[in-house]
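1. Structure for the following, please:
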Amino acid sequence: MGCSLEKNKKQCKCTYEPCSRKGKCCECLSYHLARKELPGCCFSKEAEKTYDRSFEKFIEINS
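-> Numbering: from 1, shown residues only. Next up is the predicted model:
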């Protein structure tokens, strides 16, 4: 199974424009988990724009 970069880019919720990981879900997930946070795709469009991708924010929004 290969990565579909163009399909992933179309579905990506990340609003950080200079992001080099857009569409590269494996890289994105690794990057954010290493920083003890979740990637933007785990949040609503409105919540993602806050750039608070902490586990705490995820729990707050989804509780």
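2. Could you export the host helix or strand of residue 60 as PDB, CA atoms only?
-> Per DSSP states H and E: residue 60 is located in helix 55-61. Extracted as PDB, the C-alpha positions of helix 55-61 are listed here (Å, rounded to 0.1, in the frame of the first residue of the first chain):
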ATOM      1  CA  PHE A  55      -3.700  16.100  24.100                       C
ATOM      2  CA  GLU A  56      -5.400  18.200  26.700                       C
ATOM      3  CA  LYS A  57      -7.000  20.400  24.100                       C
ATOM      4  CA  PHE A  58      -8.200  17.300  22.200                       C
ATOM      5  CA  ILE A  59      -9.800  15.900  25.400                       C
ATOM      6  CA  GLU A  60     -11.400  19.300  26.200                       C
ATOM      7  CA  ILE A  61     -12.900  19.600  22.800                       C
END
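3. can you pull the buried residues of it?
-> 57-58 (16 or more other Cβ atoms under 10 Å). No exception for glycine: its C-beta is placed from N, CA and C like everyone else's.
4. now it: mean pLDDT?
-> For helix 55-61, the mean pLDDT works out to 95.
5. do stretch 16-30 as well
-> Averaging pLDDT along stretch 16-30 gives 93.
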